[in-house]
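Enquirer: pasting the structure only:
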């Protein structure tokens with residue numbers, strides 16, 4: 001599980017980054033597939049070593065841009 005892979009501070013940063021990224025979506029932000037895609041990009045960022053709130057938030061926003069470009073979310 002994710003909780004076993006990261007410390008509590010990183011997990012908190014990941015949660016905040018996900019919420020911030022989802023705020024950028026007008027519709028579909030609560031859809032599971034949308035949140036899952038954004039979360040997966042945030043996890044990738046953290047696994048690559050950037051666990052800062054800024055870095056994780058940026059990864060989430062990039063995921064939103066990808067969704068908007070490919071799926072019109």
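Expert: That came through, no problem. Owing to the predicted nature of the structure, the values given are computational and were not obtained by experimental measurement. Residues are numbered from 1 along each chain as shown.
Enquirer: longest helix of this structure?
Expert: When the chain is parsed with DSSP state H, its longest helix is helix 53-71.
Enquirer: in that helix, which residues are buried?
Expert: If you call a residue buried by 16 or more other CB atoms under 10 Å, then helix 53-71 has these buried ones: 55-61, 63-64, 67. Just so you know, the C-beta spots here come from the backbone N, C-alpha and C atoms, and that holds for glycine as well.
Enquirer: show the average pLDDT along it.
Expert: On average, the pLDDT along helix 53-71 is 92.
Enquirer: now it: how far from the chain's centre is it?
Expert: Centroid separation for helix 53-71 versus its chain: 7 Å, with CA atoms, centre = their mean, to the nearest Å.
Enquirer: need the contact list for the residue lying closest to residue 40 once chain neighbours are set aside.
Expert: For residue 40, ignoring the flanking residues on the chain, the nearest one in space by CB to CB, 6 or more residues apart in numbering is residue 63 at 7.7 Å. Applying CB atoms under 8 Å, 6 or more residues apart in numbering, one finds that residue 63 lies in contact with 21, 37-38, 40-42.
Enquirer: for this structure, what spans make up the helices?
Expert: For the chain, the helices defined by DSSP H cover 2-5, 8-23, 32-47, 53-71.
Enquirer: still on that earlier bit, quick one: work out the angle between the longest helix of the chain and helix 32-47.
Expert: Using axes from the mean of the first three to the mean of the last three CA atoms, to 10 degrees, the inter-axis angle of helix 53-71 relative to helix 32-47 is 140 degrees.
Enquirer: of the contacts of residue 63, closest to residue 12?
Expert: Each of those was scored against residue 12 by CB to CB, and residue 42 proved nearest at 12.3 Å.
Enquirer: that concludes my questions; thank you for your assistance.
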